[in-house]
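Peer 1: need coordinates for the following:
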Amino acid sequence: MFELEDVRFVYPKTQLEVFQPYSDIISNGAYLLLMGDNGSGKSTFLNLLAGFQLPSTGKIVFNGKEMKAWQKNKKAFYRQLGILFQDVDHQLFNNSVYDEIAFGPRQLELSENEVQQRVEDCLKLLKIDHLKHRVPYQLSGGEKKKVAFASILAMNPDVFLLDEPFTGLTKDAEKLFKEILRNLHHIGKTILLASHDYRSFQDEPVEVLLFEGKVTHYTQAQLHADQRLTRHLADY
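Peer 2: Sure, this is the predicted structure:
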């Protein structure tokens, strides 16, 4: 899936190093929770995997092809990714919730019947049927988050890159999101999710990427075996 070789990112203007060179293999079907303080590099890391930024040094390979090469075939690359921004206002631009969710499937050149079926399924799944004729930018923050999540679910991507997906959600909506993510993981989707709330994931089948100047990958076995580590994560 993703192979990272000595990946490092430095802000060009300030020359501030976001995180030290990092190498890892993120396998197909991984469920990774990205944790760390604000400004530690979680969002930057997701942007690198999404191809929005290129590493200052090192390289990223996705499905056997270097990220720079994917830049020449962006349509094929992005149809494999579902990306949820921390500020979902950046990804909502249609005049109705229905068209917002339908936009991605239409870019896949699916039949309109298939598009309609996907939209209706996602509206029901996120419990937002009543919003389908509403204008997205007029919705509440939590409603916008649901619409944005429905929009990427309708694409049926292989990889989900989610930046603070639970911000602005009610407890019930957060529970629903986590249930959907659990089901996606169960069918083999790859999920990388930035969050500050480790406690609510302690019963989920997640591994952790911890951003503290350097990036450290903790497996489920390591998390279960080290109570001091889990207490440290719970303090974020």
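
Peer 1: which parts of the protein are helices?
Peer 2: Here the chain has its helices, by DSSP state H, at 42-49, 67-70, 74-78, 97-107, 112-125, 141-153, 171-186, 220-225, 227-234.

Peer 1: how's this structure carved up into domains?
Peer 2: Domains of the chain are assigned by automatic domain parsing as 1-80+159-168+190-236, 83-156.

Peer 1: now do the closest residue to residue 168 other than its chain neighbours against residue 87, distance only.
Peer 2: Nearest non-adjacent residue to residue 168, counting by C-beta to C-beta, 6 or more residues apart in numbering: residue 141, 3.7 Å away. All C-beta spots, glycine's among them, are computed from the backbone N, C-alpha and C. Separation of residue 141 from residue 87 (C-beta to C-beta, to the nearest Å) stands at 10 Å.

Peer 1: again with residue 40
Peer 2: 18 Å.

Peer 1: more neighbours, the two?
Peer 2: Between residue 40 and residue 87, counted using other C-beta atoms under 10 Å, residue 40 has the larger neighbour count: 20 against 12.

Peer 1: you'd agree the more buried one is up against residue 211?
Peer 2: Yes: using C-beta atoms under 8 Å, residue 40 makes contact with residue 211 at a distance of 3.8 Å.

Peer 1: got the helices of the chain as TSV, with distance to residue 28 and mean pLDDT columns?
Peer 2: Formatted as TSV, the helices of the chain follow (distance: least, C-beta to C-beta, whole Å; pLDDT from 0 to 100):
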stretch	distance to residue 28	mean pLDDT
helix 42-49	14	96
helix 67-70	17	90
helix 74-78	16	92
helix 97-107	21	97
helix 112-125	23	98
helix 141-153	18	97
helix 171-186	11	96
helix 220-225	17	90
helix 227-234	25	89
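
Peer 1: possible to save those as TSV with mean neighbour count and distance to residue 7?
Peer 2: Putting the helices of the chain into TSV (neighbours: other C-beta atoms under 10 Å; distance: least, C-beta to C-beta, whole Å) gives the following:
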stretch	mean neighbour count	distance to residue 7
helix 42-49	22	7
helix 67-70	16	10
helix 74-78	13	17
helix 97-107	21	28
helix 112-125	16	33
helix 141-153	22	24
helix 171-186	15	24
helix 220-225	13	22
helix 227-234	13	23
